[in-house]
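Trainee: from the sequence below, what's the structure:
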Amino acid sequence: MPNRLIQETSPYLQQHAGNPVDWYAWGAEALQAASAQDKPILLSIGYSACHWCHVMAHESFEDAEIAALMNRHFINIKVDREERPDLDQIYQLAQQMISQRPGGWPLTMFLTPGQEPFFGGTYFPKTPRYGLPGFADLLQRVALYYRSEREQIAHQGAAIVSGFERMLPESPAQHAEFSASPIDLALRNLEATFDARYGGFGAAPKFPHPTDLDLCLRRHGPGQVPDDAGGVGAGPQGDPLNMAIHTLGRMAVGGIYDQLGGGFSRYSVDAYWLIPHFEKMLYDNGPLLERYSDAWALTRDPLFAAVVGETAAWTMREMQSAEGGYYSSLDADSEHEEGRYYVWTQQQVRGLLSDEEYAVCAPFYGLDLAANFEGAYWHLRVARGLDEIARSVGQPVENCSELLARARTRLFAAREQRVRPGRDEKILTSWNALMIAGMARAARVFGRAEWLASARAALDFIRGTLWREKAGPERARLLATCKDGRAHLNAYLDDYAFLLSALIEVMQTEFRSCDLEFAQDLAEALLEQFYDPEPGGFYFTSHDHEKLINRPKPGYDSATPSGNGVAALALLRLGHITGESRYLDAAERTLRLFYPMLSQHPNGCASLLMALEEALDPPRVVVLRGPELRMREWQRVLDQTYLPHTLILALAPGAADLPPLLSKPEVPGAVNAWVCQGVTCLAPVDKLETLLDVLKTDKLR
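Mentor: Next up, the predicted model:
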């Protein structure tokens with residue numbers, strides 16, 4: 001018989017509904033049972049695309065003897081970290097405090113009935129190995145410890161809760177003046193860890209870090225904050241633009257990128273971007289669509305255009321529901337093996353291709369080299385350039401390109417017949433917002449209406465299904481997740497902040513008054529439900545959220561950007577568009593709260609640093625008015641110009657009920673641009689060349 005998890009919306013929880021473990025979802029029923037039975041809680045946190053979560057489930061949670069121990073000694077709670085990032089943040093940090101080791105998934109924590117952690121780790125094997133105890137033995141030792149060491153457990157729990165409180169940022173005693181020095185320090189620190197050969201930052205495992213790449217790219221746009229030290233790095237390797245472009249290029253030809261189907265895996269297990277951890281997450285691919293679109297606008301490199309086109313196609317083909325929302329992730333495993341869907345043998349490829357096609361495809365993807373996955377399989381990456389291959393086979397590059405395209409088509413079609421990795425089909429507001437922004441940016445840069453339509457379909461789904469309008473005394477609010485038409489769970493800071501940011505992206509691609517109204521509604525809800533007006537900053541959970549043992553104000557970026565950083569930047573931009581001073585004040589107070597942290601430890605804070613950048617030097621707002629066709633021609637040129645510190649809003653003829661900054665007159669028969677920055681506005685510009693010259697200057701004169 002299935003356990004309680006059969007009633008849940010999370011595919012991850014439903015994967016465990018057939019376990020012999022007496023699982024609960026997190027909630028009042030489980031917490032009350034722990035108190036009533038005086039049992040410790042075994043909290044297991046994971047997600048559906050997680051390889052080691054599957055391993056622990058098969059080894060332990062499906063085992064009747066292990067389950068009997070769990071049921072006898074504990075109240076067992078299963079949590080999907082994607083639906084409950086509030087719990088995941090708390091207990092990942094607690095695990096690090098207890099063990100002095102990095103966290104991860106699956107997370108295995110033991111709590112008192114009062115939710116205080118007293119022991120934990122990540123993956124535990126069924127029997128002792130990897131230097132870890134066997135799970136059965138561990139369960140019995142923890143149960144004995146709970147019964148015999150209550151005083152020690154209570155003391156440790158109090159210390160952890162106290163540690164949480166000390167980690168909250170505190171307002172500085174004096175209001176220091178903002179400067180660009182934290183940005184400069186962060187870029188210097190990135191330079192110190194930059195891998196000049198393979199790109200990326202640090203050693204294996206390597207993550208894409210799209211927010212750090214965004215910070216690097218933005219320093220090469222007009223209107224950037226001047227560097228206090230006169231430039232970052234002494235040569236091209238230390239140049240922020242080079243660090244970003246080189247990293248994006250190396251990732252694009254590596255195995256972290258799906259060379260046949262598009263889209264990026266979560267990280268590379270090696271330093272070369274060669275072999276990924278094969279799960280594909282929506283939250284990586286949305287921001288990477290933005291970064292590759294920006295990189296193409298800067299370089300016109302066709303490799304970057306190809307990555308954008310293929311990743312957008314993958315998103316629409318495999319990750320978008322019929323109702324419009326984007327699904328969450330693809331599993332690392334298929335048929336119980338990690339990477340099985342993606343890897344090849346030489347014989348499989350030879351059997352699908354002609355001799356001519358194989359002669360080009362094999363050296364291009366490294367099939368003529370030693371197997372690179374588990375000693376027996378090949379995971380495709382670009383191993384050799386087409387120019388070199390063309391010389392070796394004695395054919396023109398154009399012919400080789402055609403042969404490679406035919407080979408890719410055949411390989412992709414064959415791969416489509418394989419057993420697919422599992423897909424987590426829950427629709428998360430925050431992750432959808434990241435992909436909406438990515439698809440909208442790509443649509444704007446490349447002029448692809450179908451990509452904008454995809455972004456709008458997801459936005460319409462969120463507004464129609466996950467947004468609750470204000471009704472009487474009830475607050476307007478977002479919900480965090482939806483699966484099979486069932487939307488629920490109080491949304492988090494990231495949901496509001498990321499969606500507000502995405503709306504600003506969509507408005508620049510195609511302006512609609514309803515989007516501006518929705519953005520203002522979100523901003524009001526953000527201030528009402530999450531903002532701490534006294535010291536500043538935004539809590540991760542709303543003021544009426546379930547009471548937990550910690551209520552963080554996260555400033556550091558993680559796998560996704562910091563909610564405080566994204567909220568501050570989005571509110572700054574919306575404040576400059578609408579003239580609403582409360583948005584600007586909340587953003588400034590948030591930055592002031594985190595400024596001491598940025599000054600001392602800016603790395604990992606790229607989202608806040610980009611908000612700081614625009615607090616120091618406000619974005620330029622360009623309002624275009626004029627005949628639709630001609631105005632779109634202007635917009636097309638502007639959209640293909642990298643202008644990271646400029647907001648461009650093209651208002652259709654007849655647009656009304658606009659805030660004062662946007663309420664510009666239409667001049668019959670002519671396109672005019674109004675350019676403002678802070679409190680400075682220029683006279684209308686009626687020539688595109690003049691406008692481009694203005695926007696490529698550092699400051700409005």
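Trainee: now the closest residue to Tyr377 other than its chain neighbours. Its backbone dihedrals?
Mentor: Among residues not flanking Tyr377 along the chain, Val343 sits closest, at 3.9 Å (Cβ to Cβ, 6 or more residues apart in numbering). C-beta coordinates here come from the backbone N, C-alpha and C atoms, glycine included. When read as degrees, to the nearest 10, the backbone of Val343 gives phi -100, psi 160.
Trainee: ok, Arg477 next?
Mentor: Listed backbone geometry of Arg477 is phi -160, psi 160, with angles given as degrees, to the nearest 10.
Trainee: that one and Asp544, how far apart?
Mentor: Distance of Arg477 to Asp544, given as Cβ to Cβ, to the nearest Å: 9 Å.
Trainee: overlap of the contact sets of the two?
Mentor: 490, 529 (Cβ atoms under 8 Å, 6 or more residues apart in numbering).
Trainee: any idea how far Glu425 is from Ser328?
Mentor: 7 Å.
Trainee: what mean pLDDT does the host helix or strand of Ala68 get?
Mentor: Assigned by DSSP states H and E, Ala68 belongs to helix 64-73. Averaged over helix 64-73, pLDDT sits at 98.
Trainee: so who does the residue located most distally from the centre of the chain touch?
Mentor: What lies farthest from the middle of the chain is Gly394; by Cα atoms, centre = their mean that is 44.3 Å. Counting by Cβ under 8 Å, 6+ apart, Gly394 touches no other residue.
Trainee: over to Gln37?
Mentor: Residues in contact with Gln37, defined by Cβ under 8 Å, 6+ apart, are Ile75.
Trainee: ok, so what distance separates it from Phe74?
Mentor: 10 Å.
Trainee: again, but for Arg620
Mentor: Per Cβ to Cβ, Arg620 is found 58 Å from Phe74.
Trainee: same deal with Ala656?
Mentor: Counting by Cβ to Cβ, the separation of Ala656 from Phe74 is 62 Å.
Trainee: then Asp368?
Mentor: Here the criterion is Cβ to Cβ. By it, Asp368 lies 54 Å from Phe74.
Trainee: more neighbours: which of the two?
Mentor: Neighbours per residue (other Cβ atoms under 10 Å) separate Asp368 from Phe74, with Phe74 holding more: 23 against 15.
Trainee: that one against Leu139, yeah?
Mentor: Yes: shown here, Phe74 and Leu139 form a contact pair, counting by Cβ atoms under 8 Å, at 7.5 Å.
Trainee: what do the two both touch?
Mentor: Shared contacts of Phe74 and Leu139, defined by Cβ under 8 Å, 6+ apart, comprise Leu42.
Trainee: Arg620: neighbour count?
Mentor: 24.
Trainee: residues in contact with the helix holding Ala68?
Mentor: For helix 64-73, the external contacting residues (Cβ under 8 Å, 6+ apart) are 19-22, 39-40, 42, 60-61, 76, 126, 135-136, 139-140, 142-143.
Trainee: other SSEs contacting the helix or strand where Asn242 lies?
Mentor: Taking DSSP H and E as the definition, Asn242 sits inside helix 240-252. Contacting helix 240-252 under the criterion 3 or more Cβ pairs under 8 Å, 6 or more residues apart in numbering; DSSP states H and E are the following elements: helix 181-193, helix 210-218, helix 282-299, helix 302-318.
Trainee: need the contact list for Gly255.
Mentor: For Gly255, the contact set (Cβ under 8 Å, 6+ apart) comprises 268, 273-276, 372, 379-381.
Trainee: for it, give me the pLDDT.
Mentor: 98.
Trainee: ignoring the adjacent residues along the chain, who's closest to it?
Mentor: Arg381 (4.2 Å).
Trainee: near that neighbour, how many residues? Count them for me, please.
Mentor: Arg381: 21 surrounding residues under other Cβ under 10 Å.
Trainee: then Ala476?
Mentor: Neighbourhood size, Ala476 [other Cβ under 10 Å]: 15.
Trainee: check Ala683 too.
Mentor: Neighbours around Ala683, by other Cβ under 10 Å: 8.
Trainee: secondary structure class for it?
Mentor: Three-state call for Ala683 (DSSP: H, G, I helix; E, B strand; the rest coil): coil.
Trainee: so how far is Leu691 from it?
Mentor: Distance, Ala683 to Leu691, using Cβ to Cβ: 12 Å.
Trainee: just Phe194 next, same as before
Mentor: The spacing between Phe194 and Leu691, counted by Cβ to Cβ, is 35 Å.
Trainee: check Thr509 too.
Mentor: Distance from Thr509 to Leu691, by Cβ to Cβ: 19 Å.
Trainee: with Cys361 instead?
Mentor: Distance from Cys361 to Leu691, by Cβ to Cβ: 46 Å.
Trainee: equivalent analysis for Ala433, please.
Mentor: 30 Å.
Trainee: so these two - more neighbours on which side?
Mentor: Neighbours were counted for Ala433 and for Leu691 using other Cβ under 10 Å; Ala433 has more, 29 against 23.
Trainee: how confident was the prediction at that one?
Mentor: At Ala433, the model reports a pLDDT of 98.
Trainee: can I assume it is in contact with Val506?
Mentor: No: contact criterion Cβ under 8 Å: Ala433 and Val506 do not qualify, at 10.2 Å.
Trainee: how about low-confidence regions in the stretch 451-600 of the chain?
Mentor: Of all residues in the stretch 451-600 of the chain, none has pLDDT under 70.
Trainee: burial measure for Tyr130, as a count.
Mentor: For Tyr130, using other Cβ under 10 Å, the count is 7.
Trainee: swap that for Ala36, sorry
Mentor: What Ala36 shows, counting by other Cβ under 10 Å, is a neighbour count of 10.
Trainee: over to it: give its phi and psi.
Mentor: With angles defined as degrees, to the nearest 10, Ala36 sits at phi -60, psi -40.
Trainee: could you do His277 as well?
Mentor: Torsion angles at His277 (phi, psi; degrees, to the nearest 10) stand at phi -80, psi 110.
Trainee: please report how far it lies from Leu107.
Mentor: Going from His277 to Leu107 by Cβ to Cβ gives 17 Å.
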